[in-house]
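Colleague: Kindly return the folded structure for what I paste below:
(3 chains)
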Amino acid sequence: MAATQKILQYKQPESTYDVIIVGGGLHGLSAAYYLAKYHQVKRIAVLERQYIGSGGSGRNTEMVRANKRAHETLPFYKESLEMWDGLSAELEWNLLVQKKGLIALAHSDGEVDAMRMQGDAQRRAGIKIDMLSPQEIKRMVPALDISDRTALPVVGAQFHPEGGTVHHDAALWGYAKAACRLGVDICEGVEAVGFNVEAGRATGVKTNVGEISADKIHIAVGGYSSQIARMLGVKFPVVTIPMQVMTTELMAPFLDYYVASPRLHWYTQQTLKGDLILGGQLDPWQSWKSYNTWEECSERVASILEYFPDLAHARVVRSWSGLCDCTGDSAPVMGPSGIEGLSLDVAWGYYGFKSTPAAGKYSAEYIVKGKVPEKIKHFGLDRFFNRSRVREIII
Amino acid sequence: MPFLIRCPNCGNRNPYEFKFGGECKTSPAAGADRNAWCDYLYFNENMSGFQEEWWFHSKGCGDWIKIRRNTATHEIADQ
Amino acid sequence: MANRLPDSPAQVFDRTKPVTIQYRNRPVSAFEGDTVASALMASGIDTFSRSFKYHRRRGASCLTGNCCRCTMSVDGRMHVKTCQTAVRAGMVIEPHGNVELDLKALGGLFSRAMPTGFYYKSFYRPAWLWKLIKEIFRAMPGNMAAVSPLDVKPEYDAVNLSPDLLVVGGGLAGMEAAITAAEAGIRVVLAEADPHLGGFEAYQGEAGHRRVQESIRRLERFANVRVLTSTRVSAIYPDGVAICIQACDPAVKQHFVERSYHVRAGATVVATGAGSMPMLFKTMSCLASCCLRQRKGSCICGASSRAKRCCWPAVTTTLPRWVSS
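Modeller: Sure thing, here's the model as predicted:
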């Protein structure tokens, strides 16, 4: 339609740019936007081999939160969470932000203690965190079963009132549209097949449509990062693991919060449309294939059904999966790559969506200034060699 | 073809009977420095394509087996 | 009935076998072999649901389970495809939402202002506007099923509990232990194999009965004590897990005949009290047991007054004098 064409226009890449961003997902597009908007970089190309948002950007469960554990990374996640609030107005596109609140259930005293300890660190970083009793949880989520009918009864929860959801496609289109308006070339169907590196300095990208030279190259390819690593002759500290997600049929609004059980590996939210998005666990093995299995579906459904028994007759309608490049310390790799002029924004595992605004902002800052910003200094690639891995857990 | 793993002791089995043991790597030689060990432990080929990898038949015979699997298609070589 | 086609050799329903179902609390006549959809259509109902966005009337269209326009609540199950559901006497059918008079259909008057994806381009300024609008949007879709409490809930056959104290046995001693612990504020699980608390004391006449009732009253005051009756602690494993098997109450609709509680307690008090055990004799020709059954080779020595009351006549008439003393 004519109106759509005006909003977003895809281009064929030219022969040279100031910055090339490899990867047309949320992180790549947000970096392009911040480069153009806040650093006035003129010639930027985003190269995407499929269609924008074809990777994790289009497959996540829309959760945004800052209740991570490693205290050194909390300022980063907190800033990212806060940036979502003003983005709709800034990008002039409704991202359907809903800061509905996240309830993370605990099923044992140990978990309650751990959540309390984490809550202390989170509060020191300025993130609002409360603990809830089972009765309080029940008042907020009437459909949740807190009785001892369940195999592992709920004994408490951590409440993160500023956590919530953002429409993932809207976020992608918002950033793409705004980047496009600022003159960024978004090039679909362009695949990086190699890099030109001379004397330790990256000078350009080899693609399926020819070579493109650039002063700076930025890698933001999500779960596919090791394919880029291979082209550069290096390895990344990641394993690519799929995560399966499913949705249910539409139901009248009954769930106002994002509810998760970190221990039992399920989390769910009810969308504006009325369906539940249900996920929770990485696959048990490395895979680059996007697929779904009966074992995962039935196990996830059984987990949530135990705590939402009144959903027994609801049906799963659709399932999909996305690739997560996971590090051992559940933290990403951002900043220098060891090759001059080539920066990284990879290894985002299953926590990339919530980090989009801050990752884009600080990637842009690093690309332009060449100095690692304070808030992402813990995400350096060299942490695996100098005893400074992030103390994060799967949470 | 469904994704099955042929255990030499048990035959074709559902992969959910196994625990994935990671890609096969060569451990550093004796006397290797810290960097070599960090590289070995944390950095992976993470191949999209055929790779040799370990699988542990935890819900079966309990044996560790090496297979060559295409991580992008789940085709297993020589099965 | 006026909507039925004339008899045909291809028909699958039986006009000689009427079946009555309930639609919106009114009886609807159907026949055996009807689907819910055909029964409703035959009785003149043409609107089965409303469309998602503009709440337009939708009827059964494909009749093969593909269009999802005929879905209704059937016996409390949401979004059942009525075109593929056979009628059963007494079936309760409810449409999702008010399909006859749906005021939300007025939204269709503003359809030109609401092209596909219109909400992405609007409602983001001022900042408070979206917070208001999204609550309206949530309530708008048509054919939404309400999530309501189910009669029979799905459940797991095993429950994990982690109290501070497990008390095995709900007699006077066990109850006293539980009460003392509860008064100190710790969490207690008390498991009693009998359907009732009280144990030995409950059979000690009126005085015993009163003592038991008093203990139960004191126990009931504590919210931090979970009492499991009909629950036998079948094993306590060396790693400290007590497996307690509970016979489920037939009066309550449950999926299982038995359930197990896996209790990992900080401490355990075993207060199972005295019980009768059969003794073995070389030359017994007669005997008695607690259950009034005769078994060769063993007899009960009356350690239990329960045994006395139930079995004494049998014991005195059948045992040699030297055993029964």
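Colleague: in which helix or strand would I find the closest residue to residue C:243 other than its chain neighbours?
Modeller: Counting by C-beta to C-beta, 6 or more residues apart in numbering or on different chains, residue C:243 lies nearest to residue C:235, which is 4.9 Å off, once chain neighbours are set aside. For every residue, glycine as well, the C-beta is placed using N, CA and C. Residue C:235 is located in strand C:231-236, with elements delineated by DSSP states H and E.
Colleague: and that strand, how far from the chain's centre?
Modeller: 23 Å (C-alpha atoms, centre = their mean, to the nearest Å).
Colleague: Ok, stretch A:78-93 next?
Modeller: 15 Å.
Colleague: Kindly report the same for stretch A:384-395.
Modeller: On C-alpha atoms, centre = their mean, the centre of stretch A:384-395 falls 18 Å from that of its chain.
Colleague: For it, C-alpha coordinates in CSV please.
Modeller: Taking C-alpha atoms only, stretch A:384-395 is exported to CSV below (Å, rounded to 0.1, in the frame of the first residue of the first chain):
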residue,chain,number,x,y,z
PHE,A,384,36.8,-14.6,29.8
PHE,A,385,40.6,-14.3,30.0
ASN,A,386,41.1,-12.1,33.0
ARG,A,387,38.9,-13.5,35.7
SER,A,388,36.1,-11.1,35.4
ARG,A,389,33.2,-13.1,34.1
VAL,A,390,29.8,-11.7,35.1
ARG,A,391,28.3,-13.3,38.1
GLU,A,392,24.9,-13.9,36.5
ILE,A,393,22.7,-16.9,36.6
ILE,A,394,19.9,-18.1,34.4
ILE,A,395,17.1,-16.0,35.8
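Colleague: Now that stretch: buried residues?
Modeller: A:384-385, A:389-390, A:392, A:395 (16 or more other C-beta atoms under 10 Å in any protein chain shown).
Colleague: Please enumerate the strands of chain B.
Modeller: B:5-7, B:11-13, B:19-23, B:50-56, B:64-70 (DSSP state E).
Colleague: Which strands border the second one, and is each parallel or antiparallel?
Modeller: What it means is strand B:11-13. Strand B:11-13 has its sheet partners listed here by DSSP bridges as strand B:5-7 (antiparallel).
Colleague: Now do the strand it pairs with, average pLDDT.
Modeller: Mean per-residue pLDDT for strand B:5-7: 93.
Colleague: now the host helix or strand of residue C:38, how far from the centre of its chain.
Modeller: Using DSSP H and E, residue C:38 falls within helix C:36-42. Mean-position distance between helix C:36-42 and its chain equals 32 Å (C-alpha atoms, centre = their mean).
Colleague: before we move on, the earlier item: mind checking which of the buried residues of stretch A:384-395 are in helices?
Modeller: Judged by DSSP state H, helices contain none of the buried residues of stretch A:384-395.
Colleague: Do I have it right that the residue nearest to residue C:243 meets residue C:242?
Modeller: Yes - the criterion here is C-beta atoms under 8 Å, and residue C:235 meets it with residue C:242 at 7.2 Å.
Colleague: The two: who's more crowded?
Modeller: residue C:242 (21 against 10; other C-beta atoms under 10 Å in any protein chain shown).
Colleague: is it fair to say residue C:211 lies in a helix?
Modeller: Yes - under DSSP: H, G, I helix; E, B strand; the rest coil, residue C:211 sits within a helix.
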